[in-house]
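Peer 1: Sequence and predicted structure below; questions after.
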Amino acid sequence: MTQDTSTYYVWIGGSCDYGHKERAGGAAVVIEHNGNIISRDVISDLHTTEFRMMLTLMIKVMQEIPEGSDILFLTNAAYIQNFDKTPTAKSANRTSSESKDASSLAISAESRGRKARANPDLIIQCIEEKKRHNSVGVKIVQYHKSPLLIETHDRATEAMAKTRKEFHLKNK
């Protein structure tokens, strides 16, 4: 991929341990600008998903990158391609606890015979932050061919495991 020197290339990956009761999720970014890595960041939390963490980190990145910039998020997570699609009225009226659990939201919507979008609160924030910039897009890249994407996934997994471990140490 040929990089434009004025664009911020944001490699973003996430991880979630769905098999654990406290289900930790994490996301990480590596930001490139002018051919140099200028920043790395990672977040994690309990009772969430990697998609919620990725959207949260996207918002943070868009807030921190200078207004009027061109930003391209690079990921293998097709889910975030819809980061700027307005949620439906029905999906936007979900409670925060429902929006935190993408799988139950999908099941809940499916049982009523309609499609709902998970994380409408974060998608609305993404839409607002996107307005501050010249352009913001998402490009899907192949995981195994992208060392920086592999790094983001590894860092998100480490942060998620650390959050879970700290939770268990505190609650012994």
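Peer 2: In hand now; what should we look at?
Peer 1: so which strand or helix has the residue nearest the centre of the chain?
Peer 2: Nearest residue to the geometric centre of the chain (CA atoms, centre = their mean): Met54, 1.2 Å. Remark: Met54 resides in helix 50-64, with elements defined by DSSP states H and E.
Peer 1: check contacts around the residue nearest to Tyr9 when sequence neighbours are not counted.
Peer 2: Counting by CB to CB, 6 or more residues apart in numbering, Glu32 is the residue found nearest to Tyr9 once chain neighbours are left out, at 4.2 Å. From N, CA and C alone the C-beta is placed, and that goes for glycine too. Going by CB atoms under 8 Å, 6 or more residues apart in numbering, Glu32 touches Gln3, Tyr8, Tyr9, Val10, Trp11, Ile38, Leu148.
Peer 1: go on, Val30?
Peer 2: Val10, Trp11, Ile37, Ser39, Arg40, Leu148, Glu151, Thr152.
Peer 1: The strand or helix carrying Glu32 pairs with which strands, parallel or anti?
Peer 2: In this assignment (DSSP H and E), Glu32 forms part of strand 24-33. Strand 24-33 pairs in its sheet with strand 7-16 (antiparallel), strand 36-46 (antiparallel), by DSSP bridges.
Peer 1: quick one on the thing from earlier: for the residue nearest to Tyr9, name its beta-bridge partners.
Peer 2: Beta-bridge partners, per DSSP bridges, of Glu32: Tyr9, Ile37.
Peer 1: That one and Lys165: what is the separation?
Peer 2: Distance from Glu32 to Lys165, counting by CB to CB, to the nearest Å: 31 Å.
Peer 1: Tell me how far the residue lying closest to His133 once chain neighbours are set aside lies from Ile43.
Peer 2: Using CB to CB, 6+ apart and skipping residues adjacent in sequence, the residue nearest His133 is Ser69, 5.2 Å away. Ser69 sits 21 Å away from Ile43, going by CB to CB.
Peer 1: out of the two, which sits in the more crowded spot?
Peer 2: Set side by side, Ser69 and Ile43 show more neighbours around Ile43, with 20 against 16, by other CB atoms under 10 Å.
Peer 1: hey, where'd the helices end up in the chain?
Peer 2: 50-64, 89-92, 96-100, 102-111, 120-130, 147-170 (DSSP state H).
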